[in-house]
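# Build the 3D model from these lines:
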Amino acid sequence: MKGKYQYNPEKLSYSKVDYNLWQKFLRYVLPQILAAFVIAFLLFLAVSYVVDTTEERKLKNQNKFLEENYGRLEDKYSNAQKVLTDLQSRDKNIYKAIFEAEPGAMFENQLQINLDKYVEYSPLEKSRLLGNNEKRLDTIEYKIAVKEDFYQELYKLIETKSEMLKNVPAILPLKEKVENITAYGFGQRLDPFYKSNVFHTGIDFAIPVGTVVVATGDGVVTRTLTTRRQYGMHLVISHGFGYESLYANLDQIRVHPGQKVKRGDIIAFSGNTGKSAAPHLHYEVRKNGKAVNPVNFIFLNLSPEQFDQLSFKASQAGQVLD
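Numbers count the residues shown, from 1 in each chain. So this is what the prediction gives:
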């Protein structure tokens, strides 16, 4: 039996309850409408969280792209800062070595960052990205300004010492690319024969026998000798202004004492003569008779990245080849 029945105590029986139209609506229709609304609302919420609108998908894709490229940009900023720092250190060494003077207080200045200016980014979701980028840009702009000041001062000295700069040994003594060369540096190093620490007065370039060796500055050849001792077949060029360069452990010499040479002229071929553990060129720069670090004088034909690469190789080697 369908419908609702109510017990009648007087008649001791059940009688069917009849509802009017409004009661039927409230009892049967309204609950279904409410249930439909609830289900529709829940579906709406589910779809909102799971399915993105076209605009939301576009924004998410843009955010994903920015975050993926942020790491790459961060690496580029870091590399740029490293190159600028290396340039500053390198130029200071060159300045002191060639001009025998301090480059001034500009190298001692420290970058002061006003942290308050980055607070404006804090309410933003990507505040770390924006703040870090602006800090990095400020740092690079500061270092570029320092370099501009340095070069202004450097140019003034170059105008008065242009003749000296032609003679100063200032290029790699080889025609080889830096990437192909292993270098063993200046300073305290391990002797390959006696296995004791000695002061290495030059830099050793590990290269095959017969590699072209060039003059690193204008000058006059003052000595060409062959010996079984440390330098083996070697030559010395006087550049004037107190500078000399020495090229040792050679296989062939193409110049003679008294001969004038220009920077870049072929003067010899590398070898494995004298006190040598392997084929290489031993190269020295002397100022007023005292050996100085040749790396600081290789700056005219190397990019900052190549100079940094050569300097790193030379500093890492614990043992030398002669």
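
# before we move on, which element is residue 249 in?
strand 243-253 (DSSP states H and E).

# So which residues make contact with the helix or strand just after that strand?
Using DSSP H and E, the helix or strand that directly follows strand 243-253 along the chain is strand 260-261. Applying CB atoms under 8 Å, 6 or more residues apart in numbering, the contact partners of strand 260-261 are 215, 218, 219, 220, 221, 237, 255, 267. Placement of C-beta: from N, CA and C, glycine included.

# Mind telling me the two of the residues you listed farthest from one another?
Pairwise distances across the contacts of strand 260-261 peak at 13.2 Å for 218 and 255 (criterion: CB to CB).

# This structure: strands as residue ranges?
4-8, 13-17, 182-184, 187-190, 197-200, 203-206, 212-214, 219-225, 233-240, 243-253, 260-261, 266-270, 281-287, 290-292 (DSSP state E).

# pretty sure residue 235 contacts residue 247?
Yes. Using CB atoms under 8 Å, residue 235 is in contact with residue 247, at 5.5 Å.

# any common contacting residues for these two?
267, 268.

# So what touches stretch 219-230?
So stretch 219-230 is contacted by 167, 231-240, 243-245, 248, 253, 255-261, 267, 273-275, 322 (CB under 8 Å, 6+ apart).

# Do you know the pLDDT at residue 59?
Looking at residue 59, its pLDDT is 74.

# how many neighbours does it have?
12 (other CB atoms under 10 Å).

# how much space is there between it and residue 44?
20 Å (CB to CB, to the nearest Å).

# and what of residue 63?
Taking CB to CB, one finds residue 63 at 24 Å from residue 44.

# Then residue 235?
For residue 235 relative to residue 44 (CB to CB), the value is 88 Å.

# More neighbours: which of the two?
residue 235 (26 against 10).

# Find the nearest non-adjacent residue to that one, please.
The shortest distance from residue 235 to any non-neighbouring residue, by CB to CB, 6 or more residues apart in numbering, is to residue 224 (4.5 Å).

# What is the neighbour count of the one you found?
Residue 224, neighbours per other CB under 10 Å, totals 19.

# Residue 219 pairs with what?
residue 261 (DSSP bridges).

# Tell me how many other residues surround it.
So residue 219, with other CB under 10 Å, has 26 neighbours.

# Next one, pLDDT for it please.
For residue 219, the model assigns a pLDDT of 95.

# cool, residue 9 as well?
At residue 9, pLDDT is 66.

# number of nearby residues for the closest residue to residue 262 other than its chain neighbours?
Excluding its sequence neighbours, the residue lying closest to residue 262 (CB to CB, 6+ apart) is residue 218, at 5.4 Å. Counted with other CB under 10 Å, residues neighbouring residue 218 total 20.

# residues contacting residue 218?
166, 167, 239, 260, 261, 262, 263.

# Can you tell me which of the residues you listed has the most neighbours?
Going by other CB under 10 Å, residue 239 tops the contacts of residue 218 with 25 neighbours.

# So, low pLDDT: which residues of this protein?
1-20, 23-25, 47-53, 56, 65-74, 76-77, 80-81, 83-162, 317 (pLDDT under 70).

# Swap in 80 and give it another go.
Along the chain, the parts satisfying pLDDT under 80 run over 1-31, 41, 43-165, 177-180, 192-194, 299-305, 307-308, 316-319.

# now the helices: where do they sit in it?
21-24, 30-50, 54-99, 127-160, 162-167, 304-316 (DSSP state H).

# Counting by contacts, list what the last one packs against.
To tie it back to what came earlier, the one meant is helix 304-316. In terms of contacts (3 or more CB pairs under 8 Å, 6 or more residues apart in numbering; DSSP states H and E), helix 304-316 is packed against helix 54-99, strand 182-184.

# Give the buried residues for that helix.
By 16 or more other CB atoms under 10 Å, the buried positions in helix 304-316 come out as 307, 308, 309, 310, 311, 313, 314.

# tell me the contacts of the closest residue to the last one other than its chain neighbours?
If the residues on either side of it in the chain are set aside, residue 314 comes closest to residue 185, at 3.2 Å by CB to CB, 6+ apart. Residues in contact with residue 185, defined by CB under 8 Å, 6+ apart, are 200, 203, 293, 295, 313, 314, 315, 316, 317.

# what do you get for residue 321?
184, 192, 204, 206, 249, 276, 277, 278, 280, 282.

# how close does it get to residue 289?
Distance from residue 321 to residue 289, by CB to CB: 24 Å.

# Could you do residue 259 as well?
From residue 259 to residue 289 the distance is 22 Å (CB to CB).

# and if you look at residue 220?
17 Å.

# Between those two, point out the one with more neighbours.
residue 220 (16 against 7).

# can you list the domains in the chain?
Domain segmentation of the chain under automatic domain parsing yields 4-50, 74-160, 178-316.

# Contacts for stretch 38-49 next, please.
Against stretch 38-49 from outside (CB under 8 Å, 6+ apart): no residues.
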